[in-house]
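Asks: sequence first, predicted coordinates after that:
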Amino acid sequence: QAQLVQSGGGLVQPGGSLRLSCAASGFALSYYGVIWYRLTPAKERDLVAFISSSGDNMHYGDFVKGRFTISRDNAKNTVYLQMNSLKSEDTAVYYCYANSEDSTDYWGKGTQVTVSS
């Protein structure tokens, strides 16, 4: 069964770091651009970061301001989101989304990130 499997969320103190992973199972993630979204407690959906299938192009939401880095390892069929200098307002459920040029897409099930002292 083709799916995206997320891992790496949890509870972290303000200023701390987390790395989220989004691993593809049953298909080659190398053909897909990947977006990390987040759903905040206020039910707002933010685009956090995007990476192209080749990894040559990345884009970040304005609120990231150099704190997060999206990357991919196509040999491991995985995309990562490294989050540093976390703030309480980064608390959200983070989802990865993969989309190909033929509009085939997959969603991860989400992982909770809580930033709190």
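Replies: Now that the structure is in, tell me what you want to look at.

Asks: spatially nearest residue to the residue most central in space within the chain (excluding sequence neighbours)?
Replies: Nearest residue to the geometric centre of the chain (C-alpha atoms, centre = their mean): Trp36, 3.4 Å. In space, and not counting its chain neighbours, Trp36 is closest to Val48: 4.2 Å by C-beta to C-beta, 6 or more residues apart in numbering. In short, each C-beta sits where N, CA and C put it, glycine included.

Asks: check Asn84 too.
Replies: Ser17 (4.7 Å).

Asks: for the residue lying closest to Gln1 once chain neighbours are set aside, grab the count of nearby residues.
Replies: With C-beta to C-beta, 6+ apart as the criterion, Gln1 has its nearest non-adjacent residue at 5.7 Å, and that residue is Gly26. The number of residues packed near Gly26 is 10, by other C-beta atoms under 10 Å.

Asks: spit out the contact partners of Gly26.
Replies: Contacts were defined as C-beta atoms under 8 Å, 6 or more residues apart in numbering; by that measure Gly26 touches 1-3.
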